[in-house]
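**Student:** test case, fold it:
(2 chains)
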Amino acid sequence: MHNQFKIYLSESFDPKFNLSVEEWLMKHSQPNDVVMFLWQNANTIVIGRNQNPYKECSIKKIKDDGVQLVRRLSGGGAVFHDKGNLNFTFIAADANYNVENNMNVILNGLSMFGIHGCFNGRNDLVIQQRKFSGNAFFSESGMNCHHGTLLVNVDFHKMSKYLNVSPLKLQSKGIDSVASRVVNLKDISKEITIKSLKDALTKSFNDFYKTNAEVININEKTIDVTDYIKKYSSWEWNYSESPDFNVTLEEKFSWGLIEIYAVVSDGIIKNCKIYTDSIKLEDFHKLEKALENEMFKSENMTKVIKSSIKDNQIMMDLCKLINDKLNN
Amino acid sequence: MKYDLIIEKLSGNAATGKVGKIKKRSGDTINPGDTIFTIESGKGTTKYVSKYKGVVEELAISEGDTIKKNQIIGKVEGELIEENKSPNYAKKTTYSFGLAKPLPKNYEADVVVIGGGPGGYVSAIRAAQGGKKVIIIEESRLGGTCLNHGCIPTKALVSSVDVLEKIKNAKSFGLEVQDYKFHLKKIMKRKNEVVDTLVSGIEHLMKANKIEYINGKAQIKDSQTVTVQNKLIDATISFSKLIIAVGSKTASIPIEGADSDDILTSQELLELKEVPYSITIIGGGVIGMEFAFIYSALGSKVNVVEFLPQILNNVDEDAADVIKDSASKMGINLYEGAKAMSIKTSLDGNKIVEINKDNETKYLTSEKVVMAVGRKANLGSLDLEKLQVQLNERHNGIMVDEYMRTSNPNVYAIGDVTNKVQLAHVASQQGIVAADHINGRENKMCYDLVPSAIFTMPEIGQVGLTEKEAVSRKLDFITSKFPLMANGKALAMGETDGFVKLIADKATRKIIGGTIVGVHATDMISTISNIMASGLTIDKAVDVIYAHPTISESIHEALLMLNGEGIHFA
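**Tutor:** Prediction:
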């Protein structure tokens, strides 16, 4: 059976659409398909399959700045995407799946700009020990996906603003991100742009497989992935698919110090304990009970607080605490 | 029925993974295809998917736990549902892609180079440096035979084998190596990485020099036009000057069994997945001998059959003797002055090579037979008649003048296809000469100072005349020979086999040839080339200070010895 080589290019900058296309390609590609898919997301945090968004980034900051947060299917850590970043995806069945070939397509493409990067031990591509591409993988039903970022001209200021600044005290059994020294490819080769890199990867893919696959442009109008988009838009997928975690929300207010401790499983508060040194006569035990089995979501939690707390100041302070720290 | 839940697969080649999100708990009902939990390893995720219809009785894992392959992680009460053997691929993609027709494209170029080997790509760069618009056409991969199937990959193998030999001899350096193993596949993989890196480097050079590279087979349309078709484009290229650099291919000899499919060439020796138990190599030239050492070191029983009276017939007898000694120590059987008569296959699939030596018929049996009797010019790959390009007198190469012009003044030929000296560095130099002529720069091809580098164990580097050539030309010459045994660095390295030999003209007192056998020989030969090219007399050449402690001091000693003034050898 001859392999069919396919190159897709997304015209959308919406992470929900692009990740949907990726999942769609995993489901709909044939055993003899060898697929490369190039895509870009506008300001987005993408977290690994088994990561906890509360731990990886400041939800409030990203909400305030209109940055999207999406969970992907592959493993690994959280990454920040903007239009200075180009993502690649390789999809193939077991028999045609070779991460090294994929990496070579990328590295060969980059060598057209005189950029000679290499692997490091963590499946990153690096140059002079600085990472310009993070890679991750997932497999299902004999199909495999290898995807990664390519930092061409990413706003590192934003990257460090949103990532690794969790305001929450949180213990999770999921996967933690590993910070790396990063570099933009633009700083290695002046010639490289997103456009020229797309062309180079297309050529490199075709050269590598000695084929002539033409680029297929796709966007929301050419492909219907509505069902997948629903998932990638959902709070359930993005926030509550994290492995179980314990979180402590703490703050000092005029009326005293408060610590809300919660055990969260599947997005639901399974157990809640509240400690405070407040001398006000307020029944925090009632709030503990009311929060249990409630969604770990600011909207739901503030609603519970409003109905359980009598003192107006405490009620407002706690709602602000929840909104500031979760904002989900 | 009860079934154990076993970890069968992790992402990639990982041996352990981490339990990610658990989707089913004890007591949950499950169906085939349900995800029970996700596993993450090395940034890859897989789903642990149920094959059963029933109830999870026990799940002995928690999120974040480390799990191993083949670990039992729980129990299911229910029934095993045989899955459809083929994975569940969705029926049809919404996109179907018809075979796109190659795009017709017309080009005009000052210079078209056909062939991207060390002749072709060098000439392309040189021509582009002179301001010419250059198109290079390569059918396979840039770098040609040298880079893809010759010099470079064999050197990568030689380097792996060097390490292996060092380990085998570790004891003599005071080291004890308990156990070692090699994996031919990994050795080949490293070799491929070396090759791929260099090929991509040349691609980069093409781009940097603004040379258009077209992958595909060139065809001559008429004396001013070539065409190339690949899956992407259907190119018609008109040129002012054409450089033919189409190289050579493995030659064979017309004996019974020589054209059998299972006869290997050097190209296949670079792709073997397992080390053959035994190999018979027909041809004891450079290629044959390099592979003889490589595969012998890897554990093959190697026979070499050489028709001429001496293996490596172009080097002096004393140089060949060092190699023969080393070969014999490694257990390589050399049959010199032996003619291969036929190759047959025995019932058990082994090969039988019939040889004739000293008028006696003998038989060599081995698992594989390799044909390494040289390379012949790729004359059939282009329609030379349409180009009005003529062959040389022996009809084994394209006829060229000292500017590399063929009988058609607009067409040049360089490299193996000219069959002058089939070496990569000669092709490159010919490429420079041809491009210089096109660029209007005076440069002529001269073959007097072509070095050769032979990567046997030990290596040989040779330049200018050999002693036997000097004898056959009836020259009045003097020689000197300094053995590496007397060199401190060689002794320290445990590499004392070999020597530096110099030949000088008695009257002019200039060096006319040199042979180095031993460690670093191929790297050091350029020193002798430089002495020869600059026309230094012995008396001038000895005034240079050679760094201590280096093997190159041997060259100094050999120079001194030409005057009978050697210091470290008496």
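
**Student:** per-residue confidence averaged over the helix or strand hosting B:Thr361?
**Tutor:** Using DSSP states H and E, the element containing B:Thr361 is strand B:360-366. Per-residue pLDDT values across strand B:360-366 average out to 95.

**Student:** ok, stretch A:131-140 next?
**Tutor:** For stretch A:131-140, the per-residue pLDDT averages 92.

**Student:** now swap in stretch B:384-402 and tell me
**Tutor:** 95.

**Student:** which residues sit against that stretch?
**Tutor:** Contacting residues not belonging to stretch B:384-402 are listed as B:220-223, B:242, B:244, B:376-377, B:379, B:406-408, B:411-414, B:417-420, B:433, B:444-446 [Cβ atoms under 8 Å, 6 or more residues apart in numbering or on different chains]. All C-beta atoms are positioned from the backbone trio N, CA, C, and that covers glycine.

**Student:** those in helices, which ones?
**Tutor:** Of the positions in those, B:Val433 sit in helices, assigned by DSSP state H.

**Student:** in strands, which of the contacts of stretch B:384-402 fall?
**Tutor:** Using DSSP state E, the members of those that fall within strands are B:Ile220, B:Lys221, B:Asp222, B:Leu242, B:Ile244, B:Lys376, B:Ala377, B:Val411, B:Tyr412, B:Ala413.

**Student:** chain A: which of these is nearest?
**Tutor:** Using Cβ to the nearest Cβ, B:Lys221 is the member of the ones in strands among the contacts of stretch B:384-402 that sits closest to chain A, with 22.0 Å.

**Student:** can you tell me the SS state at the nearest residue to that closest one once chain neighbours are set aside?
**Tutor:** Distance criterion Cβ to Cβ, 6 or more residues apart in numbering or on different chains; nearest residue to B:Lys221, sequence neighbours excluded, is B:Thr227 at 5.2 Å. The assignment at B:Thr227 comes out as strand when based on DSSP: H, G, I helix; E, B strand; the rest coil.

**Student:** from memory B:Ala251 sits against B:Asn378, does it?
**Tutor:** No: using Cβ atoms under 8 Å, B:Ala251 makes no contact with B:Asn378, being 11.2 Å away.

**Student:** please say which of the two ends up with more neighbours.
**Tutor:** Neighbour totals were compared for B:Ala251 and B:Asn378, and B:Asn378 leads with 19 against 15 (other Cβ atoms under 10 Å in any protein chain shown).

**Student:** give the contact list for the more buried one.
**Tutor:** By Cβ under 8 Å, 6+ apart, the neighbours of B:Asn378 are B:Val246, B:Gly247, B:Ser248, B:Lys249, B:Asp416, B:Val417.

**Student:** ok, and the most crowded of those residues?
**Tutor:** B:Asp416 (31 neighbours).

**Student:** let me know whether it touches B:Gln422 as I believe.
**Tutor:** Yes: using Cβ under 8 Å, B:Asp416 is in contact with B:Gln422, at 4.7 Å.

**Student:** overlap in contacts, these two.
**Tutor:** Taking Cβ under 8 Å, 6+ apart as the criterion, B:Asp416 and B:Gln422 both touch B:Ser248, B:Arg375.

**Student:** assign B:Asp162 to helix, strand or coil.
**Tutor:** helix.
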